[in-house]
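*Asks:* Please find the sequence and the predicted model below.
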Amino acid sequence: MKDTYIHQGKRKKLLEELQRKGIKNPLVLEAMNKVPRHWFMDSGFLDHAYTDKAFPIAADQTISQPYTVAHQTELLECFSGARVLEIGTGSGYQSAVLVALGIELYTIERQNILFKKTSLLLPKMGFRPKKMIFGDGYKGWPEKAPYDGIIVTAGAPFVPKPLLEQLKVGGRLVIPLGEDNQIMTVFRRISPSKFEKLEYGPCRFVPLLAQKN
Ligand code: SAH
């Protein structure tokens with residue numbers, strides 16, 4: 001897998017575009033700069049790796065738009081050494097950005113074909129999550145709870161209770177809430193029983209797949 005001067009040049013332009021769109025955190029921008037997005041794209045879309053758009057991956061899913069990845073990463077407010085749970089590994093692009101930030105990452109994928117593909121790919125690229133889990137994100141991953149942050153990368157029709165329960169006090173859940181269209185929402189756990197809800201405007205994600213029983 002190559003990362004040529006041409007790719008690096010295109011990535012620099014993309015980062016400038018993200019800054020124009022409001023991404024400010026230098027650590028987030030630096031992490032985005034470390035991850036060659038073209039490594040995560042299907043061959044038919046390689047030319048578009050550095051345009052600020054979502055693209056199809058396998059199993060009717062999408063690789064998130066770079067702005068969305070940057071925005072969710074900023075809202076998470078987790079940096080080096082923090083323990084984070086991601087719901088929806090997908091292509092692994094968002095996972096790689098979190099690993100590039102120095103985060104101890106646990107990531108869950110519900111579709112076997114994506115889980116298999118991405119769990120081979122990420123270590124090969126040098127972006128190693130602590131653990132990649134094949135399972136149902138609605139349940140979170142209690143084994144390593146509580147987390148400093150939880151990030152959901154698909155549209156959730158409601159807030160899964162286990163995700164709130166698995167947050168540390170002071171921790172943040174970043175979740176696009178809604179059915180067809182979502183509102184980017186953050187829940188901050190301010191005490192064991194209290195959460196503060198913050199909203200960051202409309203967004204569009206593929207839906208979180210129904211809960212497995
Ligand atoms: N962060 C990914 C986004 C992928 S799209 C990227 O940048 O590529 C959302 C992903 O969530 C898909 O891979 C989908 O299969 C997965 N997903 C959907 N429902 C899920 C669930 N209940 N538990 C875990 N993963 C789920």
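*Replies:* Here it is on my side, so go on.
*Asks:* who in the protein is up against the ligand?
*Replies:* Contact residues, the chain versus the ligand (Cβ under 6 Å from any ligand atom): 61-64, 87-88, 90-91, 93-94, 108-111, 114, 136-138, 153-154, 206, 208-209. (Each C-beta comes from the backbone N, C-alpha and C, glycine too.)
*Asks:* are any of these buried, and which?
*Replies:* Buried residues within the residues of the chain next to the ligand, counting neighbours by 16 or more other Cβ atoms under 10 Å: 61-64, 87-88, 90-91, 93-94, 108-111, 114, 136-138, 153-154, 206, 208.
*Asks:* Just the ones in strands from those, please.
*Replies:* Judged by DSSP state E, strands contain the following of these: 62-63, 87, 108-109.
*Asks:* can you give me how far the helix or strand hosting T118 is from the chain middle?
*Replies:* Following DSSP states H and E, one finds T118 within helix 112-125. A distance of 15 Å separates the C-alpha centroid of helix 112-125 from that of its chain, computed with Cα atoms, centre = their mean, to the nearest Å.
*Asks:* Output that helix as PDB, restricted to C-alpha atoms.
*Replies:* What follows is helix 112-125, C-alpha atoms only, in PDB (Å, rounded to 0.1, in the frame of the first residue of the first chain):
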ATOM      1  CA  ASN A 112     -19.300 -10.500   9.300                       C
ATOM      2  CA  ILE A 113     -18.100  -9.600   5.800                       C
ATOM      3  CA  LEU A 114     -17.000  -6.200   6.900                       C
ATOM      4  CA  PHE A 115     -15.600  -7.500  10.200                       C
ATOM      5  CA  LYS A 116     -13.400 -10.000   8.500                       C
ATOM      6  CA  LYS A 117     -12.200  -7.600   5.800                       C
ATOM      7  CA  THR A 118     -11.400  -4.800   8.200                       C
ATOM      8  CA  SER A 119      -9.900  -6.800  10.900                       C
ATOM      9  CA  LEU A 120      -7.300  -8.100   8.500                       C
ATOM     10  CA  LEU A 121      -6.700  -4.700   6.900                       C
ATOM     11  CA  LEU A 122      -6.200  -2.400   9.900                       C
ATOM     12  CA  PRO A 123      -3.200  -4.200  11.500                       C
ATOM     13  CA  LYS A 124      -1.600  -4.400   8.000                       C
ATOM     14  CA  MET A 125      -1.800  -0.700   7.700                       C
END
